[in-house]
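> this is the structure alone, sequence omitted:
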């Protein structure tokens with residue numbers, strides 16, 4: 001059985017990994033940082049009270065990511081936030097392997113340039129080799145039908161890598177084509 005690799009995955013294996021071996025202080029191929037997963041999260045607690053809105057956001061996130069999202073429910077009641085136990089507060093998708101590389105490719109080459117006033121993303125990570133960005137609305141993605149969008153909804157996209165620090169993470173994502181400033 002042959003495994004079909006995406007364009008970005010081929011680029012990583014043939015170009016990026018050998019360059020990272022030369023530039024970094026890596027003695028083994030297994031030490032070279034790699035993109036492990038991409039997690040896309042939409043917080044829908046404010047709009048969850050309206051009927052049918054969560055289903056719309058689930059469909060939009062499914063179109064964006066290519067896989068069905070999971071709903072996250074609240075664990076307990078919090079009266080100050082008008083939150084009840086079992087209420088849907090977020091939807092999320094975890095992408096791995098081919099879908100992850102395909103989403104990375106579409107995000108960097110199609111969605112990021114469509115963001116209004118886009119000049120590149122800030123290069124500050126979380127200090128442990130992961131990178132999270134926040135988007136104000138889902139309309140930057142080509143997959144979403146702009147006429148069908150009734151509620152503007154933001155999302156967080158987290159790129160989880162095996163890098164030990166932010167410098168290695170930034171080097172990895174830059175070589176793979178991520179649009180930093």
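Perfect, I can see it now. Quick caveat, the model's predicted, so the values are computed rather than measured. Numbering: from 1, shown residues only.

> quick one: pLDDT of the closest residue to residue 122 other than its chain neighbours?
The shortest distance from residue 122 to any non-neighbouring residue, by Cβ to Cβ, 6 or more residues apart in numbering, is to residue 181 (6.5 Å). Bear in mind the C-beta positions are built from the backbone N, C-alpha and C, glycine included. pLDDT recorded at residue 181 is 82.

> now residue 123
Note for residue 123: predicted pLDDT of 77.

> helix or strand for the spatially most central residue of the chain, just tell me which one.
When Cα atoms, centre = their mean is applied to the chain, the residue found nearest the centroid is residue 157 (3.2 Å). Assigned by DSSP states H and E, residue 157 belongs to strand 155-161.

> what residues of that strand count as buried?
Buried residues in strand 155-161, counted by 16 or more other Cβ atoms under 10 Å: 155, 157, 158, 159, 160, 161.

> TSV please, covering these and showing pLDDT and distance to residue 10.
Below are those laid out as TSV (pLDDT from 0 to 100; distance: Cβ to Cβ, whole Å):
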residue	pLDDT	distance to residue 10
155	85	28
157	90	23
158	92	24
159	92	19
160	93	21
161	91	18
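
> now render the residues you listed as JSON lines, adding distance to residue 57.
Formatted as JSON lines, the buried residues of strand 155-161 follow (distance: Cβ to Cβ, whole Å):
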{"residue": "155", "distance to residue 57": "9"}
{"residue": "157", "distance to residue 57": "15"}
{"residue": "158", "distance to residue 57": "18"}
{"residue": "159", "distance to residue 57": "22"}
{"residue": "160", "distance to residue 57": "23"}
{"residue": "161", "distance to residue 57": "27"}
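
> among these, which pair sits farthest apart?
Pairwise distances across the buried residues of strand 155-161 peak at 19.4 Å for 155 and 161 (criterion: Cβ to Cβ).

> quick one, strands of the protein?
Using DSSP state E, the strands found in the chain span residues 35-43, 70-73, 88-95, 130-135, 155-161.

> least reliable of those strands going by mean pLDDT?
If you rank the strands of the chain by mean pLDDT, strand 70-73 sits at the bottom with a mean of 84.

> quick one on the thing from earlier: what sits up against the strand holding residue 157?
Contact with strand 155-161 is made by 33-42, 61, 104, 107, 129-135, 138, 168-169, 172-173, 178, as judged by Cβ atoms under 8 Å, 6 or more residues apart in numbering.

> buried set for stretch 173-181?
In stretch 173-181, counting by 16+ other Cβ under 10 Å, buried: 173, 175, 176, 177, 178, 179.

> now do the end-to-end distance for it.
End-to-end distance of stretch 173-181 (Cα to Cα, to the nearest Å): 12 Å.
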